[in-house]
Every structure is written in structure tokens, then in C-alpha cells.
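Visitor: model the structure of this input:
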Amino acid sequence: MATATPRFQSPTRIQSPEQWVEIFSELWKSGSYERFARYAWVVHRDCRLVQPGFPTAHGPEGFLELFRVVFALMPDATAQIHRGGGDGDGAYIEFTLTGTLGGRPLSVDMCDVFRFQDGLMIERVSYFDPAPFRRAVLTRPRAWRHLPKLR
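Guide: Numbering: from 1, shown residues only. Prediction:
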């Protein structure tokens, strides 16, 4: 089923790091690609998204492609938020990403650091140990069909 291309005009802007922590938490309560696509408005067209094991993504299109791959690998991915905060134009969120990859459970502890410009995400750097994720992908053949999409 094809999803409609989201419009990137912002209905609002991120007003504070606390607001972003709330939005992020809401986004991941019941994660899905479609849910993330509805939030692409928060991504600045010049945004840079950095994460171990994946190429650096850029802008709303890169954001959408990144999460398309994440949800192809872990269709039931959700996140438990442990803490978050920030000040000025920055925020951080510590969380555990949990889901099923290749038919078996996987949990990864992560910390995402965000920078905002004019109320939009201009940068997101994700910190986590990619080894458990890589090991899970390599030892679960059901996930292999998604590997070419990681280019």
C-alpha cells in the first residue's frame, strides 16, 4: 500500500526542548512508518541525521527513508523514554528501542541529541552501540531482504 507523500509545511514549530521530548515520546508510543511520515514537518530541509550503521540522511526525504528502513527491519519498533531535556536550541533523549527483528526480539539503548533552528530539527545525532543490531541482522535471515535498502 503506497503512502501519500507528506507535505513538509509546518503546522507549528518546536517551541522548546520539553515540547520536543513530548512529541518524540508520542511518536514512539506505537511506532510505524506512517506515524513518522506525519511528523516529517518537524525536519528542516537542510537537516542532517547521523546514526551508526546507516548512511547520514538529509532533509525530510532522508528522514522518511531512514525510518522506512527502520520499520522494514523492525515493524513493531517502539521506544521507552528514560529521560530527556535540553535548553535553547538543543535537546537530548535517552531511550530503549524495542521490537522484533527477523522474528526475534531486540532491544537497543540509545541517546539522540537534537539541534533546532527556527523551530525545526536541523540536526539529529544518534548514539548507540551498533554491534547488537548488526549481529541481529546478520543472524536473522528474514531481515536480509532489507539489507540492500541500507545503501
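
Visitor: make it CA atoms for all contacts and neighbour counts henceforth
Guide: OK.

Visitor: is it correct that Arg35 is in contact with Leu27?
Guide: Yes: counting by CA atoms under 8 Å, Leu27 is a contact partner of Arg35 at 6.8 Å.

Visitor: higher neighbour count, the two?
Guide: Between Arg35 and Leu27, counted using other CA atoms under 10 Å, Leu27 has the larger neighbour count: 17 against 13.

Visitor: so who does Gly53 touch?
Guide: Counting by CA atoms under 8 Å, 6 or more residues apart in numbering, Gly53 touches 130, 134.

Visitor: got phi/psi on it?
Guide: The phi/psi pair for Gly53 (degrees, to the nearest 10) reads phi 80, psi 0.

Visitor: report the separation between it and Gly85.
Guide: Distance of Gly53 to Gly85, computed by CA to CA, to the nearest Å: 26 Å.

Visitor: go on, Asp118?
Guide: The value you get for Asp118 to Gly85, if CA to CA is used, is 18 Å.

Visitor: ok, now Arg140?
Guide: Using CA to CA, Arg140 is found at 36 Å from Gly85.
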